[in-house]
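Trainee: return a 3D structure for these sequence lines:
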Amino acid sequence: MAQGQPTTSHVRGILLTSGLLTRVEDLVIVHLEATFMQDEGPQAVLKWLRQNFQGTLIAAGGFTKASAELALIEGYLDLVAFGAPFVSNPDLVARFKNDSPLTPPDRRVFYTPGP
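Mentor: Numbering: from 1, shown residues only. Down below sits the predicted model:
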């Protein structure tokens, strides 16, 4: 784990001691950047959230078709959202259904004003 990156325990502590959240039951939304969860991986945070929060859990960012399916099958999440892959592949649902390759995202052209 790189120095300065939070651990899963650190994230748990922030959620519960920030003063903004007094109980996990009060949770409305949490945005976690999965790349920062290097100790146990983002699945550990999602598993902990699922054990402590019974509401709908939605995640986005860094998911592939396979990792999204696994998170749903394992019950860590209720929904997975796709942003950049959808922008690069407006037919993302059809590509997932047909196991077609995805066009890689090119952030240089996302939402540009045009020529």
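
Trainee: could you list the domains of this protein?
Mentor: 1-55, 57-104 (automatic domain parsing).

Trainee: how about the strands in the protein?
Mentor: 58-60, 79-81 (DSSP state E).

Trainee: quick revisit: between the domains of the chain, which gets the lowest average pLDDT?
Mentor: Of all the domains of the chain, the minimum mean pLDDT falls on domain 1-55 (a mean of 59).

Trainee: tell me if I'm right that Gly83 and Gly62 touch.
Mentor: No - here Gly83 lies out of contact with Gly62, judged by CB atoms under 8 Å, at a distance of 10.3 Å. Every residue, glycine included, has its C-beta placed from N, CA and C.

Trainee: just name the most buried of the strands of the chain.
Mentor: Counting by mean count of other CB atoms under 10 Å, strand 58-60 has the highest mean neighbour count of the strands of the chain, with a mean of 17.

Trainee: contact partners of it?
Mentor: With contacts defined as CB atoms under 8 Å, 6 or more residues apart in numbering, strand 58-60 is touched by Leu32, Leu46, Ala71, Leu77, Asp78, Leu79, Val80, Ala81, Phe82, Gly83.

Trainee: try 6 Å
Mentor: Leu77, Leu79, Val80, Ala81, Gly83 (CB atoms under 6 Å, 6 or more residues apart in numbering).

Trainee: what residues does the last one make contact with?
Mentor: What that stands for is Gly83. Ala60.
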